[in-house]
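1. Pasting the sequence and the predicted coordinates here, then a few questions.
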Amino acid sequence: MYSKSVEDYLEAIYNIVNRKGYARTKDLSRELSVSPPSVTEMLKKLDEGGLVNYERYSGVTLTKKGGKIGRIVKTKHDTIKKFLNILLISDKTADRDACNLEHELSPETIEQLTNFVRFVEKAPMYPKWLEHFKEFCISREYVCEHAES
């Protein structure tokens, strides 16, 4: 298991490379809101750990192992964010909370969240229970249309 910081870097490199085709220190500095010297220091550690290929002034690429970890963390992040969006949490908050939760949840929990998100995405266009949930969030009352008087 890797630290939150290592996972954040690998995910950021993965995201940047997928967007731009390459990643540089300044890209990571911007993406992670850390100083360029901090990025350089971490890249050296990741390189020594066999997770990235880093050459000063020429950027960074992920090794097979680093790419796998980056992809896994990104997938967890996306799943958690989608789940939080289903719960009607704003994109900005969902993204920030997903960043925190992606490192803390067990594989079992991630698997079930993934199953739930996939279930909701494959459900009929707008499932009735989701509409009921939205109404409940507004009114704080549950009204069952099948309730007897």
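-> Happy to help now that I have it. Values in this document were obtained by computation on a predicted structure and should not be read as measured data.
2. Let me see the domain layout of this structure.
-> The chain breaks down by automatic domain parsing into domains covering 4-68, 74-139.
3. Need those domains in JSON lines (columns: mean neighbour count and mean pLDDT).
-> For glycine as for every other residue, the C-beta is placed from the backbone atoms N, C-alpha and C. Below are the domains of the chain laid out as JSON lines (neighbours: other C-beta atoms under 10 Å; pLDDT from 0 to 100):
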{"stretch": "domain 4-68", "mean neighbour count": "17", "mean pLDDT": "95"}
{"stretch": "domain 74-139", "mean neighbour count": "14", "mean pLDDT": "91"}
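4. And the closest residue to residue 40 other than its chain neighbours, how far from residue 93?
-> Spatial nearest neighbour of residue 40, chain neighbours left out: residue 25 (5.9 Å); criterion: C-beta to C-beta, 6 or more residues apart in numbering. Going from residue 25 to residue 93 by C-beta to C-beta, to the nearest Å gives 29 Å.
5. Show residues contacting stretch 33-43.
-> Counting contacts by C-beta atoms under 8 Å, 6 or more residues apart in numbering, the residues outside stretch 33-43 that touch it are 5-6, 9, 25-26, 28-29, 32, 52, 54, 56, 60.
6. which phi and psi does residue 76 have?
-> Torsion angles at residue 76 (phi, psi; degrees, to the nearest 10) stand at phi -60, psi -50.
7. which one of the contacts of stretch 33-43 sits closest to residue 99?
-> Taking C-beta to C-beta as the measure, residue 99 lies nearest residue 32 of the contacts of stretch 33-43, at 10.3 Å.
8. mind listing the strands in this structure by residue range?
-> Taking DSSP state E, the strands of the chain run over residues 52-55, 59-62.
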